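Asker: curious how this folds, go ahead:
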Amino acid sequence: MKVGIFICDRYKNCAGGKCFKSMQKREGAFDIYSKDEPLEIVGYTSCGGCPGGNLEYAPEEMIKNGAEVIHFATGFVVGYPPCPYISYFKRFIEEKYKIKVVIGTHPIPQKYYITHKNLESWDTPEWQNFIIPTLKSKEIRLQYD
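Answerer: Reported below is the predicted structural model:
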């Protein structure tokens, strides 16, 4: 499976350590793939900053590189505030490029989970759905703090 990853621009200097660790261990949103199935990153870039200008054309490059799925990094979910455009971005890419978009990469770190729970950031049905792929057990969340 060939994967493209978008990260939130506020984390544009991120080296991807948590994403790559979770991909290798098939944790977080990568647990949908069998450990027997090779995963290859064919694109890794930021959204370009609000309101996500890079999302207009970068999926095309990822697809040219063989991307079969695009993941939005967990930073879109755990940032303060969580990305207000995530729903639109997902719909846009899936409609325009006809490729599946998965929200999340690595498990939500526990420290972010606690703060967002207290802030009620994810209390809407839409956000509850968005965090499912990355909301793992406390034990796993602590490993990503």
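Asker: so residue 45 belongs to a strand, correct?
Answerer: Yes: counting by DSSP: H, G, I helix; E, B strand; the rest coil, residue 45 is part of a strand.
Asker: which of the residues in the longest helix seen in the chain are buried?
Answerer: Longest helix in the chain by number of residues, with DSSP state H as the criterion: helix 86-97. By 16 or more other Cβ atoms under 10 Å, the buried positions in helix 86-97 come out as 86, 89-90, 92-93. No exception for glycine: its C-beta is placed from N, CA and C like everyone else's.
Asker: and if you look at stretch 49-62?
Answerer: So for stretch 49-62, counting by 16+ other Cβ under 10 Å, buried means 52, 55, 58-59, 62.
Asker: how far does it stretch from start to finish?
Answerer: 18 Å (Cα to Cα, to the nearest Å).
Asker: and for it, what's in contact with it?
Answerer: Contacts to stretch 49-62, defined as Cβ atoms under 8 Å, 6 or more residues apart in numbering, come from residues 4, 6, 9, 42-43, 45-48, 67, 70, 85, 89, 92-93, 96-97, 99.
Asker: just the buried residues out of these, in ChimeraX syntax.
Answerer: Here is the ChimeraX command that selects only those of those that count as buried (16+ other Cβ under 10 Å):
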select :4,6,9,42,43,45,46,47,48,67,70,89,92,93,99
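Asker: quick one on the thing from earlier: dump the buried residues of helix 86-97 into CSV; add distance to residue 25 as well.
Answerer: Shown next, in CSV, are the buried residues of helix 86-97 (distance: Cβ to Cβ, whole Å):
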residue, distance to residue 25
86, 24
89, 26
90, 24
92, 30
93, 26
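Asker: which ones are touching the residue lying closest to residue 112 once chain neighbours are set aside?
Answerer: In this structure, residue 112 finds its nearest non-sequential neighbour in residue 78, 4.0 Å apart by Cβ to Cβ, 6 or more residues apart in numbering. If a contact means Cβ under 8 Å, 6+ apart, then residue 78 has 108-109, 112, 116 as its contacts.
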